[in-house]
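> model the structure of this input:
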Amino acid sequence: MHKQRFIVTQRTRGKLPVGKGVLPLDVLQLDISGRPQAWISAREAAVMVACDAIAWTIGEPVMVLRGGINRCSGEQSRIAVHAIVAARGAIPARAWRHEPALSNPKLFARDRWVCAYCGQRFHESDLTREHIHPTSRGGRDHWMNCITACRSCNHRKADRTPEEARMHPLYLPYVPSLHEDMILRGRRILVDQMEFLLASVPASSRLHG
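Next up, the predicted model:
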């Protein structure tokens, strides 16, 4: 059975080592109003800390990055990185877009890697972006016209509508919210991050299932 692309992990207290065999930590960056902006690396977040570019954080530090030794004090520099950080500055215009970009990985994650026609779960490599109303007949390449289908069902439906093919989807398409889009884009999500994002995800979302 296909494993989910994102993994929810327990919050790590103290120092989280970074090195060979250790999964990289993704930090959730918000704008100063609290709207999600991007997933960034721990090192990118550390640079923001060093540049005083972080307005506020949520939760306890999940990683400590260590630097060089201060000649005067003899102490090693340390930068604590939080799982959720809010960037200082004006809110960029792109932050107010209402619709996330469509991509196959996010589409498959939205639909839980389940074919809309046969109801079976597949590995991502065995799935396709299925247009309910074929694009060759005027259908849009849009969240509301796209569902996940296995290769076999997609081939069987071919260039026909569900009515013509007598293949009706088992679930309906929808446009993910901004917070849901961040979950679909994440690969390794900490508990604090998931709780923050899910709090603003509509109850109708399949991510609650």
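
> low-confidence ranges, the protein, go.
For the chain, residues meeting the criterion pLDDT under 70 lie at 1-24, 92-97, 209.

> quick one: the one helix or strand residue 47 maps to to chain centroid distance?
Assessed by DSSP states H and E, residue 47 sits inside helix 42-50. The chain centre lies 20 Å from the centre of helix 42-50; the measure is CA atoms, centre = their mean, to the nearest Å.

> from the contact counts, what lies against it?
If contacts are counted by 3 or more CB pairs under 8 Å, 6 or more residues apart in numbering; DSSP states H and E, helix 42-50 sits against strand 26-30, strand 54-69, strand 76-87. The way it works is simple: take the backbone N, C-alpha and C, and place the C-beta from them, glycine included.

> right, and these - which one's nearest residue 116?
Residue 116 sits nearest to strand 26-30 of all these, at 29.1 Å, using CB to CB.

> strands paired with that closest one, and their directions?
Applying DSSP bridges, strand 26-30 is found paired with strand 36-41 (antiparallel), strand 76-87 (parallel).

> so which bits of the shortest one are buried?
Neighbour counts over strand 36-41 (16 or more other CB atoms under 10 Å) mark 36, 37, 39, 40 as buried.

> pick the one among those closest to residue 133.
Nearest to residue 133 among those, with distances taken as CB to CB, is residue 36, at 31.2 Å.

> leaving out sequence neighbours, find the closest residue to that closest one.
residue 182 (4.5 Å; CB to CB, 6 or more residues apart in numbering).

> with that, I have no additional questions.
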